[in-house]
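Student: got a predicted structure here, sequence first:
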Amino acid sequence: MKQHSLRPGLAAGLLLLAACQGGPRPAPGDALARCEALFATQDHAVEAARVGRSHPHRVAGFPYLRVTRLLSSYRDAAQDPLRAEAWLARLADEDERARDTELGLLPPAERDRLAAGWPAGLAAATAACRDRLLARDRGSPERLALLAERAVVADEYSTGARILGLYPLAAIGLRAGVLRWHDAVRARWQLPRDALAGGLPLERYAPAAAGEAVAGVVPRDALGLPVPSAARLSALLDRHAPVWVVATASAADRPGVPRHTRDGPTVIAGAPTVYRYPTITRFRGSPRLQLNYLAWFGARPAEGALDPLAGALDGVIWRVTLDEAGAPLAYDSVHACGCYHLLFPVGDLRPSPDLGSLPEPPLVLPALEPPGPGERMHLFLAAGSHYLERAWPAPPAGGQRYRVLDREALYRVAGPGGERSLFDPGGLVPGTARGERWFLWPSGVRSPGAMRERGRRATAFLGRRHFDDPFLLETVFGAGEAQGAGPVSR
């Protein structure tokens, strides 16, 4: 079995080596080998051009598939033919979207080179080869077992850095700092809402779409994962889109479109913009649809000469987890660095009483009341830091209308020399490093404070936790009810 599993990867390597050395292409009749060579040469070109995406994650030996933390949690599906079919389809879809972006960022001459020998064109050849390799692997228990073994996602923590940083000792100070931050956040959430802006003007940014109620149950695939139609998903995203209320001290407090410049990344704030996208989590035995809204600001301005938190770009994410009926089950928010993660239950949901035993307890704030008919959730962001300091439902009243874009647009960002991804191949946004990295590196988090790609956001300095952990809500709310977390007042 092991020998059989290694042959496709070995063949692809030999074919790629032959191609790079100007050797003969695989024989026309060897369809599987030609397809493996096609994916191998594409991946080589993408890596050489540094236009690769770090999310979703590649699977060694299966270049036509990519995996996320959610899909990795369904690896047992490989043992059941019906569920394996749905799982493979999801993995293939992840690669298709990511690969389309990568190939689109290659120079035209390089794409032409890759298409040579494929009369139908590069896109058609890639799709046909993906189908051919899928057909081979879905019929091979050995290949499926190998895929289940390899479809894992490494965490975002460096054990080596923790060893060098004397993590057990550093953790004492880190935990004290985290708990002080928790206390400061809770204190701000107790202030009257009118006191939060400190006299600064408030700018309101409201969605343009009406956001009407969406009825009915979303269909599911053989894994139980939600599969809303494009129209249904768009309607849900419209319905739950928030109003952003931003205390505004400078241009850095206006949401817009990221852009590369020769001096680093910035935001063009002329047209208020929010990026949105769906995700899925697992909660109490059922996958739940999540709606994500991401606003980018040009910077976190320095509050002094040596502000370790200041730097270029600042992204804030608001996430809505839906229940079976499409109503909010929970809310949470995080900055694009993975920092400042806040969680909010809805209704009777309560945090687990065991959270205090975790190396770094997640910060769960009082329950939020979901918006009623004609209302939207309003999010108050502080000036400069863009900290989320209040959330409440209310009818939208005035303000600028923001446009919405799919987050995939972040992989085609304008800049000198043309479009390129906002993120580097390692998942960070170049030019957004923060000074805090010099004293937080013993946590094992890579470049703490830097903006990063979806799927690369560690949300704790102690222990290991990720924003896209499919069991995050199970950890935070899965153990039943706790006291003292009633809804906040409006």
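Tutor: Done, it's in. Numbers count the residues shown, from 1 in each chain.
Student: only C-alpha atoms from now on, for both contacts and neighbour counts.
Tutor: OK.
Student: any figure for the gap between the closest residue to Thr159 other than its chain neighbours and Phe39?
Tutor: Beyond its immediate neighbours in the sequence, the residue positioned closest to Thr159 (Cα to Cα, 6 or more residues apart in numbering) is Gly444, lying 6.3 Å away. Distance of Gly444 to Phe39, computed by Cα to Cα, to the nearest Å: 33 Å.
Student: neighbour count: those two, which is higher?
Tutor: In terms of neighbours (other Cα atoms under 10 Å), Gly444 is the more surrounded of Gly444 and Phe39; the figures are 24 against 21.
Student: now do the contacts for Leu358.
Tutor: With contact set as Cα atoms under 8 Å, 6 or more residues apart in numbering, Leu358 has these partners: Gly463.
Student: and the pLDDT for it?
Tutor: What the model reports for Leu358 is a pLDDT of 94.
Student: just His335 next, same as before
Tutor: Among the per-residue scores, His335 holds a pLDDT of 98.
Student: before we move on, what about the one 3 residues further on?
Tutor: In the prediction, the pLDDT value recorded for Gly338 is 98.
Student: so which residues of the stretch 301-450 of the chain form strands?
Tutor: Applying DSSP state E, counting those that start in this stretch to the stretch 301-450 of the chain gives strands spanning 311-322, 328-335, 342-345, 363-364, 376-381, 388-394, 400-406.
Student: out of these, nearest to Ala148?
Tutor: Taking Cα to Cα, strand 311-322 is the member of those nearest to Ala148, at 27.6 Å.
Student: neighbouring strands - and their directions - for the closest one?
Tutor: strand 286-300 (antiparallel), strand 328-335 (antiparallel) (DSSP bridges).
Student: report the distance from the first one to the chain centre.
Tutor: The reference is to strand 286-300. With Cα atoms, centre = their mean, to the nearest Å as the basis, the distance from the averaged C-alpha position of strand 286-300 to the chain average is 8 Å.
Student: between that strand and strand 400-406, how big is the angle?
Tutor: Following axes from the mean of the first three to the mean of the last three Cα atoms, to 10 degrees, one obtains 120 degrees for the angle between strand 286-300 and strand 400-406.
Student: would you indicate which residues of strand 286-300 are buried?
Tutor: Under the neighbour-count criterion of 16 or more other Cα atoms under 10 Å, strand 286-300 has 287-300 buried.
Student: quick check: which element contains Arg111?
Tutor: Secondary structure from DSSP states H and E places Arg111 in helix 108-115.
Student: next, the buried residues of that helix.
Tutor: Of all the residues in helix 108-115, those buried under the rule 16+ other Cα under 10 Å are 111, 114-115.
Student: cool, stretch 154-167 as well?
Tutor: Residues 155-157, 161-162, 165, 167 are the ones in stretch 154-167 that count as buried (16+ other Cα under 10 Å).
Student: in those, find the pair that's most separated.
Tutor: The most widely separated members of the buried residues of stretch 154-167 are Asp155 and Gly165, with 18.1 Å between them, by Cα to Cα.
Student: pull the contacting residues for the residue nearest to Glu453 when sequence neighbours are not counted.
Tutor: With sequence-adjacent residues excluded and distances taken as Cα to Cα, 6+ apart, Glu453 is closest to Gly427, at 5.0 Å. Listed by Cα under 8 Å, 6+ apart, the contact set of Gly427 reads 53-55, 452-453, 456.
Student: out of those, who's nearest Phe380?
Tutor: So of these, ranked by how close each gets to Phe380 (Cα to Cα), first place is Arg452, at 22.9 Å.
Student: what sits against the closest one?
Tutor: With contact set as Cα under 8 Å, 6+ apart, Arg452 has these partners: 336-338, 423, 427-429.
Student: need the residues you listed in JSON lines (columns: distance to Trp189).
Tutor: Below are these laid out as JSON lines (distance: Cα to Cα, whole Å):
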{"residue": "Ala336", "distance to Trp189": "21"}
{"residue": "Cys337", "distance to Trp189": "22"}
{"residue": "Gly338", "distance to Trp189": "21"}
{"residue": "Phe423", "distance to Trp189": "33"}
{"residue": "Gly427", "distance to Trp189": "32"}
{"residue": "Leu428", "distance to Trp189": "31"}
{"residue": "Val429", "distance to Trp189": "30"}
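Student: ok, which pair from those is furthest apart?
Tutor: Largest separation among the contacts of Arg452 by Cα to Cα: Gly338 and Phe423, giving 14.7 Å.
Student: which one of these two has more residues nearby?
Tutor: Each of Gly338 and Phe423 had its neighbours counted (other Cα under 10 Å), and the higher figure belongs to Gly338 (28 against 22).
Student: quick one, phi/psi of the more buried one?
Tutor: Gly338 has phi and psi values of phi 90, psi 0 when expressed as degrees, to the nearest 10.
Student: that one against Arg454, yeah?
Tutor: No - the pair Gly338 and Arg454 does not pass the contact test of Cα atoms under 8 Å, sitting 9.4 Å apart.
Student: report pLDDT for the closest residue to Pro308 other than its chain neighbours.
Tutor: Once its chain neighbours are removed from consideration, Pro308 has its nearest residue in Gly435; the separation is 4.1 Å (Cα to Cα, 6+ apart). We have a pLDDT of 97 for Gly435.
Student: do the same with Ala394
Tutor: Ala394 carries a pLDDT score of 96 in this model.
Student: grab the nearest non-local neighbour of it.
Tutor: Beyond its immediate neighbours in the sequence, the residue positioned closest to Ala394 (Cα to Cα, 6+ apart) is Glu375, lying 4.8 Å away.
Student: now do the strands in the stretch 151-300 of the chain.
Tutor: Taking DSSP E, counting those that start in this stretch as the criterion, the stretch 151-300 of the chain carries its strands at 202-207, 243-247, 257-261, 264-268, 273-283, 286-300.
Student: and of these, who's closest to Gly224?
Tutor: strand 286-300 (6.7 Å).
Student: tell me the angle of that closest one relative to strand 243-247?
Tutor: Orientation check (the same axes, to 10 degrees): strand 286-300 against strand 243-247 gives 30 degrees.
Student: for strand 286-300, list the C-alpha coordinates in PDB.
Tutor: The C-alpha atoms that make up strand 286-300 are tabulated as PDB, following Å, rounded to 0.1, in the frame of the first residue of the first chain:
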ATOM      1  CA  SER A 286     -24.500  20.400  13.600                       C
ATOM      2  CA  PRO A 287     -22.600  22.500  11.100                       C
ATOM      3  CA  ARG A 288     -23.600  26.200  11.300                       C
ATOM      4  CA  LEU A 289     -23.400  28.800   8.600                       C
ATOM      5  CA  GLN A 290     -21.400  31.900   9.500                       C
ATOM      6  CA  LEU A 291     -21.400  35.300   7.800                       C
ATOM      7  CA  ASN A 292     -18.200  37.400   8.000                       C
ATOM      8  CA  TYR A 293     -17.900  41.200   7.400                       C
ATOM      9  CA  LEU A 294     -14.400  42.700   7.100                       C
ATOM     10  CA  ALA A 295     -13.700  46.500   7.200                       C
ATOM     11  CA  TRP A 296     -10.200  47.700   6.400                       C
ATOM     12  CA  PHE A 297      -8.700  51.000   7.700                       C
ATOM     13  CA  GLY A 298      -5.500  52.600   6.500                       C
ATOM     14  CA  ALA A 299      -3.500  52.400   9.700                       C
ATOM     15  CA  ARG A 300      -3.600  52.100  13.500                       C
END
